[in-house]
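Peer 1: Predicted model and sequence below, questions to follow.
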Amino acid sequence: RPSHLRVSVGSAAPLLDEELHMRIYVGSNADDQSSVWELQDRRCLVFHLVKWHRLEAGNVRDASRTWWRQCFASEEPFENKVPTNAYYDTRKEERR
């Protein structure tokens, strides 16, 4: 599901089983915008999650809809309820 993250090894209980705050873009193997995971140094699991709501996908009008105030639905929101101006400036530079 594009709104849930579950990590388990074999038949053991999940290490992580959480609902995401917002939906992610799952994509496919042929898509360079897919959400993927990788194992680094044989001990660290790294997730590269692509937001579902993003300007490049054309499904939002402005960058304010792309802000995540938290990663998982079960955690406390970050201090900033909206992104700082620096976030918007960065997004403008990326589009150029």
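Peer 2: Received, thanks. Treat the numbers as computed from the prediction; the structure is a model and nothing was measured.

Peer 1: separation between the most far-flung residue of the chain relative to its centre and Ser34?
Peer 2: Of all residues in the chain, Ser11 has its C-alpha farthest from the mean position, at 26.1 Å, by CA atoms, centre = their mean. Ser11 is 27 Å from Ser34, where distance means CB to CB, to the nearest Å. C-beta: built from backbone N, CA, C; applies to glycine.

Peer 1: Show me the beta-bridge partners of Leu39.
Peer 2: With DSSP bridges as the criterion, Leu39 is bridged to Leu45.

Peer 1: you'd agree it is up against Leu45?
Peer 2: Yes - in this structure, Leu39 is within contact of Leu45 by CB atoms under 8 Å, at 5.8 Å.

Peer 1: Can you list the buried residues in stretch 22-31?
Peer 2: 22, 24-25 (16 or more other CB atoms under 10 Å).

Peer 1: Nearest residue to Lys51 in space, ignoring adjacent ones along the chain?
Peer 2: Nearest non-adjacent residue to Lys51, counting by CB to CB, 6 or more residues apart in numbering: Thr66, 5.7 Å away.

Peer 1: how far away is that neighbour from Arg54?
Peer 2: Taken as CB to CB, the span from Thr66 to Arg54 is 6 Å.

Peer 1: Which residue ranges of the chain form strands?
Peer 2: Secondary structure of the chain (DSSP state E): strands at 4-7, 16-19, 24-25, 36-40, 44-48, 50-51.

Peer 1: which one of those lies closest to Ala73?
Peer 2: Proximity to Ala73 (CB to CB) singles out strand 16-19 among the strands of the chain, at 4.3 Å.
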